[in-house]
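A.B. asks: A predicted structure for the sequence below; I have some questions about it.
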Amino acid sequence: MSSQTPADSTNSIENYEKLIRERDELNVRGRQETQLKVVSDVQLRLDRSLQTVRQSLDCRKCHGLLFQPYGLVCEHSVCARCLVELKEESNPPRCPKCYTEILLPPIFSPHLHAMAVSYAAYKGDPIPPPVEFIWPEPKPELIEKGIKRYADEKR
């Protein structure tokens, strides 16, 4: 014969239900911790990706975002504001990264510009006003010299 009273039986059920609730709370906390870890990992990867994108949008002279970026024959990019300064600083101007003479007109890069504008918008940074940039037409002998140097470097 069982020695349990109805009160004991009620206490056992309540204890059992309490244990189930505690187990469920632990499961929920465990899932939340797992989800938080996943979100943290994704955020870390996103931050690293954005850092890589930011580095690729870096002006080689001022290290600011490449607004109005121009590609040089040496394959470095410089913003228009810095190109204006480079023209005024030396003749012929040189790449601020590798010091190669800029003999051929720099080429505007609309894709890099669009990426810089998108990045600035994402970060909430202001977009500077455009800079008027005019590069003089090179003399024929400079064109020849630039093409030859470029061909020699690609060998």
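C.D. replies: Great, that's in hand.

A.B. asks: what's the domain layout of this structure?
C.D. replies: 1-56, 69-154 (automatic domain parsing).

A.B. asks: ranking these by burial, who's on top?
C.D. replies: domain 69-154 (a mean of 15; mean count of other C-beta atoms under 10 Å). Using the backbone N, CA and C atoms, a C-beta is placed for each residue, glycine as well.

A.B. asks: and it, how far apart are its ends?
C.D. replies: End-to-end distance of domain 69-154 (C-alpha to C-alpha, to the nearest Å): 23 Å.

A.B. asks: so which elements touch the helix ranked longest in the chain?
C.D. replies: Longest helix in the chain by number of residues, with DSSP state H as the criterion: helix 6-56. With contacts taken as 3 or more C-beta pairs under 8 Å, 6 or more residues apart in numbering; DSSP states H and E, helix 6-56 sits against helix 110-123.

A.B. asks: just list the residues touching residue 106, thanks.
C.D. replies: 70, 71, 72, 78, 83, 135 (C-beta atoms under 8 Å, 6 or more residues apart in numbering).

A.B. asks: could you dump those into TSV with secondary structure, distance to residue 49 and pLDDT added?
C.D. replies: Formatted as TSV, the contacts of residue 106 follow (DSSP: H, G, I helix; E, B strand; the rest coil; distance: C-beta to C-beta, whole Å; pLDDT from 0 to 100):
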residue	secondary structure	distance to residue 49	pLDDT
70	strand	25	95
71	strand	23	94
72	coil	26	93
78	strand	24	96
83	helix	29	93
135	coil	34	82
